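S.K.: I would like to see how this sequence folds:
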Amino acid sequence: MIGFFGRIRKKIYKYASVVVSLTNKDVPNYVQDGCNCVVIENPIDQNKIHLLQDSRTRDGFIAVGRICHQKNYERMLNIFSYLIQMDNSLTLN
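M.R.: Numbers count the residues shown, from 1 in each chain. Coordinates of the predicted model:
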């Protein structure tokens, strides 16, 4: 079942010149609805992410993103509270 916004998408997006998707996962849905779709992928190359190896670094996690229901920060905090019980040197930044 699609919700209110899904019904609007099906009716309106097909009239757009192009619809931008953030993931390849959504493209088939847009194409099925008759949309011309392009993907703007994540600009971060995960192969270039590395850990700093010096005395100033600590084991920690960082959360980056807008504060909204879809990001599910509540779940992240619940998981982190579980992890910190096993290792209290962890930090959340």
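S.K.: from here on, contacts and neighbour counts on C-alpha atoms
M.R.: Fine.
S.K.: Run the chain-centre distance for the longest helix along the chain.
M.R.: For the chain, the helix with the greatest residue count under DSSP state H is helix 73-86. Here helix 73-86 is found 18 Å from its chain centre; the criterion is Cα atoms, centre = their mean, to the nearest Å.
S.K.: and that helix, which residues are buried?
M.R.: In terms of neighbour count (16 or more other Cα atoms under 10 Å), helix 73-86 has its buried residues at Y73, F80.
S.K.: Which residues does that helix contact?
M.R.: For helix 73-86, the external contacting residues (Cα atoms under 8 Å, 6 or more residues apart in numbering) are I67, L90, L92.
S.K.: can we see that at 10 Å?
M.R.: Residues from elsewhere that reach helix 73-86 (Cα atoms under 10 Å, 6 or more residues apart in numbering): F61, A63, V64, G65, R66, I67, N88, L90, T91, L92.
S.K.: Filter these down to the buried ones and express that as a PyMOL selection.
M.R.: Isolation of the buried members of the contacts of helix 73-86 (16+ other Cα under 10 Å) is achieved in PyMOL through the command below:
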select buried, resi 90
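S.K.: Confidence-wise, which of the contacts of helix 73-86 comes last?
M.R.: Ranked by pLDDT, the contacts of helix 73-86 bottom out at F61 (74).
S.K.: got the contact list for it?
M.R.: F61 makes contacts with F80, L90, T91, L92, N93, as judged by Cα under 10 Å, 6+ apart.
S.K.: Tell me where the protein has strands.
M.R.: Ranges of strands in the chain, per DSSP state E, are 19-21, 37-39, 60-61, 91-92.
S.K.: Of these, which is nearest K11?
M.R.: Counting by Cα to Cα, K11 lies closest to strand 19-21 out of the strands of the chain; the figure is 13.1 Å.
S.K.: Quick check: neighbours of that closest one in the sheet, parallel or antiparallel?
M.R.: As defined by DSSP bridges, the strand partners of strand 19-21 come to strand 37-39 (parallel).
S.K.: with the contacts of F61 in mind, which one is nearest to L22?
M.R.: So of those, ranked by how close each gets to L22 (Cα to Cα), first place is N93, at 25.2 Å.
S.K.: ok so, going back, may I see the contacts of F61 arranged in a markdown table, with distance to F4 as well?
M.R.: As requested, the contacts of F61 are exported to a markdown table (distance: Cα to Cα, whole Å):
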| residue | distance to F4 |
| --- | --- |
| F80 | 34 |
| L90 | 41 |
| T91 | 39 |
| L92 | 36 |
| N93 | 36 |
